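>>> What would the 3D arrangement of this be:
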Amino acid sequence: MSRHPLPGGGWFTLAEGEARRHDAPPRPPAPAAPRLAAPAPMAPPRRAMGLAALHLSLGGVALAIPSALAEHIIAMPVLRPLPGAAPGVAGLAETDGGPVLVLETGFVAGQPAPVEEAPGLLLVLREGGRRFGLPAARIEAGPAIAATRAFQAWLASPEAAAALAFAPAVLEAEAARPVPQRRLVMFQAAGMELALPAESVVAVLPATQPLPTPRRGLAGLATHRGAVLPVLDGGLVLGGRAALTGGAAPLIRLALWPEVLVAVEQIGGVRALPAADVTPLAQRDGLVAAFARLGGAPVPILAPHRFGAL
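Below you'll find the model as predicted:
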């Protein structure tokens, strides 16, 4: 006996010419869905190391300072004495951002003995609305270490409070429209104050004595970051006295091809000034490309491709 579907649902059968309602047997239960295994617990995210600290060293003294406190790094300026200051204060320095209280690096590191190495850099920090600096010979960026907490603990110490009481307060300037800036690397060569565009300088090396080379026109060879590079004497390039007369001299690595190092008498650090204070020369291919107005006096800005021409 066959079943037939009803239009409104259900089933019927035909028996002796008569349609009779027929209940279909219940459908077998659907098989249970397979149980899914519980998801594995997520591994905790790996902590990014990053460059959270600045590692400062000077004459065997080492400090690790949170990079969030750093304002900028400049060439070590001339210090002015601060009469009546607390222990650990080396003096006052003037920077583009205003006066900075300079502390003795050994004092901050808990090593009050005099440091024999001469600092070439100043790390300017801002904390608690005040600016202060730490002299250094080398500064490198790296991950935070336990010594970073030691520096933060020093900041909370009475000795730090006594020294930082002489730090000038930071005066926040009113919001103003940004002014286009030019950054220049200042240096001395051939007895003159000169500058190079900062974007043309790869690095500045401390006083170095180049290795001799028989090639004419070169002052020698020096290594930097694994590369052996030719060295030019910037004083002779400028037609003046040699920068390497007294032996070792600071070197400027220029972003040229082929790359070259140029010896100069002294490095003055990086200066930022309004682009309007830079006047280019009409002569496009000379050794001097422009002049910058700094301190009321024009400073020649050299063309890197001419200053470092081999």
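>>> Bridged to the spatially most central residue of the chain, which residues?
Nearest residue to the geometric centre of the chain (Cα atoms, centre = their mean): Ala141, 7.5 Å. Note on Ala141: beta-bridge partners by DSSP bridges are Leu54.
>>> Show the contacting residues for it.
By Cβ atoms under 8 Å, 6 or more residues apart in numbering, the contact list for Ala141 reads Leu51, Ala53, Leu54, His55, Ser67. In short, each C-beta sits where N, CA and C put it, glycine included.
>>> any idea how far it is from Val100?
Using Cβ to Cβ, to the nearest Å, we find Ala141 at a distance of 21 Å from Val100.
>>> and the contacts of Ala141, which are buried?
Burial by neighbour count, 16 or more other Cβ atoms under 10 Å: within the contacts of Ala141 this picks out Ala53, Leu54, His55.
>>> and which of those residues is nearest to Pro77?
Leu54 (18.6 Å; Cβ to Cβ).
>>> Quick check, that closest one in contact with Ala68.
No. With contacts counted by Cβ atoms under 8 Å, Leu54 stays clear of Ala68, the gap being 10.0 Å.
>>> Report the lowest-confidence entry in the contacts of Ala141.
Minimum pLDDT for the contacts of Ala141 is recorded at Leu51 (63).
>>> And stretch 143-153, how far out from the chain middle?
Centroid separation for stretch 143-153 versus its chain: 19 Å, with Cα atoms, centre = their mean, to the nearest Å.
>>> Would you mind writing the CA trace of it as CSV?
Extracted in CSV, the C-alpha atoms of stretch 143-153 (Å, rounded to 0.1, in the frame of the first residue of the first chain):
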residue,chain,number,x,y,z
PRO,A,143,65.6,47.8,25.0
ALA,A,144,64.7,48.7,28.6
ILE,A,145,66.8,46.9,31.2
ALA,A,146,66.8,46.7,35.0
ALA,A,147,69.1,49.8,35.1
THR,A,148,66.2,51.8,33.7
ARG,A,149,64.3,51.3,36.9
ALA,A,150,67.4,52.4,38.8
PHE,A,151,67.4,55.7,37.0
GLN,A,152,63.7,56.2,37.8
ALA,A,153,64.4,55.4,41.4
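>>> Buried residues of that stretch, list them for me.
Ala144, Thr148, Phe151.
>>> In the stretch 1-150 of the chain, where is pLDDT below threshold?
Low-confidence segments of the stretch 1-150 of the chain, defined by pLDDT under 70: 1-51, 97, 147.
>>> Stretch 91-106: how far from the chain's middle?
With Cα atoms, centre = their mean as the basis, stretch 91-106 stands 19 Å off its chain's centre.
>>> Straight-line length of that stretch, end to end?
14 Å (Cα to Cα, to the nearest Å).
>>> buried stuff in that stretch?
Using 16+ other Cβ under 10 Å as the test for burial, stretch 91-106 gives Gly91, Leu92, Ala93, Thr95, Gly97, Val100, Leu101, Val102, Leu103, Glu104, Thr105, Gly106.
>>> Just the ones of those in strands?
Gly91, Leu92, Ala93, Thr95, Val100, Leu101, Val102, Leu103 (DSSP state E).
>>> Quickly name whichever of these is closest to Gly234.
Nearest to Gly234 out of these is Thr95 (Cβ to Cβ; 25.8 Å).
>>> for the closest one, what are its contacts?
Thr95 sits next to His72, Ile74, Pro77, Leu122, Val124 when contact means Cβ under 8 Å, 6+ apart.
>>> which among those residues end up buried?
So, by 16+ other Cβ under 10 Å, the buried ones in these are Ile74, Pro77, Leu122, Val124.
>>> With distance to Gln181 added, can I get those residues in JSON lines?
Below are those laid out as JSON lines (distance: Cβ to Cβ, whole Å):
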{"residue": "Ile74", "distance to Gln181": "16"}
{"residue": "Pro77", "distance to Gln181": "20"}
{"residue": "Leu122", "distance to Gln181": "21"}
{"residue": "Val124", "distance to Gln181": "18"}
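>>> picking up where we left off before, ok, of the ones in strands among the buried residues of stretch 91-106, which one's closest to Ala165?
Leu101 (9.4 Å).
>>> need the contact list for that closest one.
Leu82, Val89, Leu92, Arg130, Arg131, Phe132, Gly133, Ala163, Leu164, Phe166, Ala167, Pro168.
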